[in-house]
Each structure stands twice: as C-alpha cells, then as structure tokens.
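Novice: Below: sequence and its predicted model.
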Amino acid sequence: MSGDVSPRQAASSAFLLVAVGGFSLFWAVFLSMLMRNSFLDVDIENLWHHLVLRIALFVGFGLCSFVVSRTPEGVIGNRRRNVMTALVALFSIIAAVSSATYFITQTAHPLGFDLIVWALAGAGLCCLFFLWVESVSAVSQASIVKCLALSVVCGCGFYLVINMLPSPFNIAMLAVCPLISLGILKALPRETERSSAEAIPLAESKKNAHMSWAFGAIYVVYGIVFGLGAGSVTQIAGDAVLFVGIAVLAALGALAAYAFMQRFAGRIAQSNMLRMVFPFLVIALVPMSFMSNVVYTLCNLLLLGAYVFVLLTSIAYELQTANKRRASYLFFIGRSQTALCVGLIAGYGLGLAASAAGAINLSVLSAIALGLVVLLAAFVTFSPTEPFVHGTENGEASPGSAGEAGSAASEDGTGAGDPSGEGPARGEHEPGHWKACCATLAERYGLSPRETEVFYYLAKGRGIEHIQNKLFISSHTVKTHTYNIYRKMNVGSREELLDIIEDEKRSQRGE
C-alpha cells in the first residue's frame, strides 16, 4: 500500500451542480421511505404494519452498512461497485412492481413478501448512499459540507413533488429517481475520483481509528429517539400540510448542519456537536408527552430536523476524521450508520410493541425517549474523556479537540506552547519523535522543501511574524505557504494541523 495521500481539492462549480442534483434524488427517495407519504401508507389504520415495514427497511440498510464498513480494501472496487449498482436497480424494480400492484389491486401484499421487499429496498438505498458518499469524499471538507446540505435541501423539494403527484405518477417517480441518480453518478466529473493508492486495509483502519465502545452506544440511543419520532409521524393522517412540514423541517436541519460546520469545523469535537442537539430533543420530547394534534406533529417534525442535522454533521466529521487518522471513510461512516440503524429499529420496535399491546400510548413512549436523552446528555457531558476515542484516559489530547497550544500562539511570534522558542507546542518531552512525525507528514502530503520549513514552525505554534523573521521571507509568502499546506493537508486551522501530528504520533507508537 502506498503511503501517499492525495490532497483533497475544492470541488468545481460543475462538480457541485451535478453532485447536488444526483445526490438529492437519493434523499427524496429516502425521505419517502422513512416518513409518512402519500402512497406507501394508504392503509394507515394498520399502524403496526407500517412500523414493521420500516423496521425491515432499516434492517436492510443497517446490514448493508455493516458489510460496507467491513470492506477489506477500504475503498469500493469495481466488482463491489457493480454489485451495489445492481442492488440500486433492484430497488427501482421492487418499488415499481410492489407499489403498482397495490395501486391496481387495492389489496395488501402478504406480510412476509413485504418484509423481504422492504429489506431489499433498504439495502438498495444504502448502496446508493455509499456510492454518493464515495464521490463526494475526495473533495475538500468545505465542498463536502456544501454538497451534503444542498443535496438534502433539493431532495426535500423532490420529496414534495413525489408525494403531491397522483398515483401512478408518484410510483413512477419513486422507481425512476434512483436510476436517474445512478446515471448522474456515472456522468459525474472525474476530477475528484479516488485512486487505488488511497486504499486503506480494514486492519489498518481499525488500528488508526481509535474508536471506543461509546461511539456506537451514543448513536444507538440517538437512533431510538429518532425512530420513535419517525414512527409517530407515520400514524398522522397524510395531507399536503404534513408533507410540506416534513420537507421544511428536513431542509432546516440540513441548513443548520451547513451553518454549524461552516462556523465550527475544526474547532469543536464531534461529542460537542452531539451535546448541542440535546436542547432541541428536549424541546421536542417534553410537549409530546402530554400534548396532541398540531403541537404533537410539530414536535415530531422537530425530531426529524434534528435527525437530519446529526446525520449530515456526522458524515462530514467522519470523512474529516478518516482522512486525518489515515483510516477508511467506509469504516467510519459504515459503523455510525449501522449504529443509527440499530437505534432506529429499536425505536420503531418500541412503537410496534405499544401498538400491538395497546397498553402504552405514544405519549408514554415520548417520555421514555426523553429519559434516554437526559441519560445520554449526562453521560456525554460529565464523561471525563472524549467518548469516541481510545487512549484519552492517560491524559492525551483527543483527536478533534481544540489544540490549546496552537490556538494560543499569537501572530507576533510568541508561541504559548513553546516558551523556550525551540521545542514543539505539543510533546516537548520528545522532540526527536515529534520531528520524525513532522517529516513523515511532510513527505506523505507532498509538501515542498520550503513548505516543509514553514510546516515545522507552524507545528511549533509559531506565528506569521516569527516565521518570516526566521526564514527571511515576507509575510505574504508565509501566508501563501500556509495556505498551500492547509490545502494539501485538508485542514482549516492550526488546531486541525496539530491534531494530525498527534494522530501520527499515536500511530507510530502503535496505540
């Protein structure tokens, strides 16, 4: 395996336009399968039946995510891509045949048939999702966030179109959208195509990822809460107002994710991002426990917006973290999606149990979800370590956390983390190992000799003026080299650069 990592570049306008259009069709179909819709939930009085089908959907999605996360090569090869493309095409065939059959006969399919159909549909949607994630993962972090957010916003518009159309036109749209999305994927500009040199074996990804058990546990609890909310929306009578509400709240969740990543990318850890969602979950779940009708519906839709926010920010964080830690993006995102699916299945399952028993109403389930959120908030807030990463118990700075030494370095050349003027801002007790890490990173990211010199000073926490005086170059030249270094290493701040060095140190120690 090559040790080189191609620097991720900003996406061109043409790439973004095509990617947003194609990816949006996935989100339109995904929302149609996830939420209450106009033609798949015709016989809504059989609430338990619809909950069972959505459990089957996420069983298929979750199993496919798990298989993808275990990809031995760490990238989607041609053979695997062909299989995934076939499963997407199978989704379209299934959607067309099963929906059209129901529309024509007005007779429900046998439950066993529906379970198989929805599980295969979940696998097909999962394949389309990962094919699009692969396409956008090779561009810069800013382009990834923009593509994810805009594609969801556009997808919400397509969701409305699908649900507002009369049958059988909505059925045709549901079946055709994945095929069109695949076609757009094939026509996508190849300026950002991943090469086989970027393949990272599964064993190396596991070693470099430093994931803890809490990573999955937190996402499972989130999935339970979101599953309860989505299951509750399924019982609400479908009309144009509800469909508009679903589209608007999902779009707002995407825009909130975009604004958050623009504002805090590189300066806030993923666990802190999850903490910020707690107030919105509490606001949504408290009224759900004792109110109904319009307020109840709005609360469920607020949960949908929070789900979209968590989903998009998690994808962006995990793509960034995978690149920094030299691990497969399929491993990171596959693990998180599997955990979310497990939680969604459990959430739908709680609603199914309540519906079948008739002894527990959805208000009680909302109170249960609120209790889970409170416990989760207490765990994440008061946990003394970063819950996503192994190795922080010994006092190491966790990847993704702000680098105090780097952020405290002033532009006048005084590095707060390096009072002696010689040692690095982090790891002063082992300068030799620190220099070896910097040399390895400079070679890996293809830094020029002059960029490497600037990189060493940046890694020490030095400011612009200090660097220009040491290297006898202008401040403009220092800024140009700094920009090129950040671009090649796909970072947006000094803190992210220092985090990469910390991750490399851990990797070389074998931690």
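Specialist: Perfect, I can see it now. Remember, predicted model here, so these are calculated numbers, not experimental data. Residues are numbered from 1 along each chain as shown.
Novice: Now do the longest helix seen in the chain: which elements does it pack against?
Specialist: Determined from DSSP state H, the single longest helix within the chain is helix 293-325. Under the contact criterion of 3 or more C-beta pairs under 8 Å, 6 or more residues apart in numbering; DSSP states H and E, helix 293-325 touches helix 141-164, helix 202-209, helix 213-234, helix 240-264, helix 270-288, helix 329-357, helix 494-509. Where you see a C-beta, it was placed from the backbone N, CA and C, and this is true even at glycine.
Novice: go with 6 Å
Specialist: Helix 293-325 is packed against helix 141-164, helix 213-234, helix 240-264, helix 270-288, helix 329-357, helix 494-509, with contacts defined by 3 or more C-beta pairs under 6 Å, 6 or more residues apart in numbering; DSSP states H and E.
Novice: name the helices or strands packed onto the first one?
Specialist: If I follow you right, that is helix 141-164. Applying 3+ C-beta pairs under 6 Å, 6+ apart, one finds that helix 141-164 contacts helix 13-34, helix 240-264, helix 293-325.
Novice: cool, and the fourth one?
Specialist: Packed against helix 270-288 by the contact rule (3+ C-beta pairs under 6 Å, 6+ apart) you find helix 293-325, helix 362-382.
Novice: repeat that for 8 Å
Specialist: Counting contacts by 3+ C-beta pairs under 8 Å, 6+ apart, helix 270-288 is packed against helix 213-234, helix 240-264, helix 293-325, helix 362-382.
Novice: go on, the third one?
Specialist: The helices and strands touching helix 240-264, judged by 3+ C-beta pairs under 8 Å, 6+ apart, are helix 13-34, helix 141-164, helix 270-288, helix 293-325.
Novice: okay if I get these as TSV plus mean neighbour count and distance to Leu120?
Specialist: TSV is the format used below for those (neighbours: other C-beta atoms under 10 Å; distance: least, C-beta to C-beta, whole Å):
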stretch	mean neighbour count	distance to Leu120
helix 13-34	22	12
helix 141-164	22	20
helix 270-288	19	32
helix 293-325	22	22
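Novice: Compare these and give me the one nearest Gln106.
Specialist: helix 141-164 (19.3 Å; C-beta to C-beta).
Novice: got the contact list for Ile485?
Specialist: 445, 447, 451, 454-455, 458, 497 (C-beta atoms under 8 Å, 6 or more residues apart in numbering).
Novice: So which of these sit within helices?
Specialist: Those of the contacts of Ile485 lying in helices (DSSP H): 451, 454-455, 458, 497.
Novice: can you count the residues close to Ser493?
Specialist: Around Ser493 there are 16 other residues, counting by other C-beta atoms under 10 Å.
Novice: How about Ala284, nearest residue that isn't a chain neighbour?
Specialist: Spatial nearest neighbour of Ala284, chain neighbours left out: Leu302 (4.1 Å); criterion: C-beta to C-beta, 6 or more residues apart in numbering.
Novice: Settle this for me: the one you found is touching Val282, isn't it.
Specialist: No. With contact defined as C-beta atoms under 8 Å, Leu302 does not reach Val282; the gap is 10.5 Å.
Novice: sorry, back to before: export the helices and strands packed on helix 293-325 to CSV and tack on distance to Gln320 and mean pLDDT?
Specialist: Converted to CSV, these look like this (distance: least, C-beta to C-beta, whole Å; pLDDT from 0 to 100):
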stretch, distance to Gln320, mean pLDDT
helix 141-164, 5, 91
helix 213-234, 15, 78
helix 240-264, 9, 89
helix 270-288, 9, 71
helix 329-357, 9, 86
helix 494-509, 8, 79
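Novice: now those helices as a markdown table including distance to Phe23?
Specialist: Below are the helices and strands packed on helix 293-325 laid out as a markdown table (distance: least, C-beta to C-beta, whole Å):
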| stretch | distance to Phe23 |
| --- | --- |
| helix 141-164 | 4 |
| helix 213-234 | 21 |
| helix 240-264 | 11 |
| helix 270-288 | 22 |
| helix 329-357 | 14 |
| helix 494-509 | 25 |
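Novice: and the nearest residue to Asn323 once chain neighbours are set aside, how far is that from Tyr102?
Specialist: Excluding its sequence neighbours, the residue lying closest to Asn323 (C-beta to C-beta, 6+ apart) is Asn490, at 5.7 Å. Note on Asn490: its distance to Tyr102, by C-beta to C-beta, to the nearest Å, is 48 Å.
Novice: neighbour-wise, which of these two wins?
Specialist: A direct count of neighbours by other C-beta under 10 Å for Asn490 and Tyr102 places Asn490 higher, at 22 against 19.
Novice: quick one, what contacts the residue nearest to Ala284?
Specialist: 249, 280, 283-284.
Novice: tell me the two of the residues you listed that are most distant?
Specialist: With C-beta to C-beta as the measure, no two of the contacts of Leu302 lie farther apart than Leu249 and Ile283, at 13.0 Å.
Novice: in terms of contact, does Ile246 touch Leu304 like I think?
Specialist: Yes. The criterion here is C-beta under 8 Å, and Ile246 meets it with Leu304 at 6.5 Å.
Novice: thinking again about what came up before, and the helices and strands packed on helix 141-164 as a markdown table, adding distance to Arg79?
Specialist: Listed next are the helices and strands packed on helix 141-164 as a markdown table, based on distance: least, C-beta to C-beta, whole Å:
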| stretch | distance to Arg79 |
| --- | --- |
| helix 13-34 | 22 |
| helix 240-264 | 33 |
| helix 293-325 | 22 |
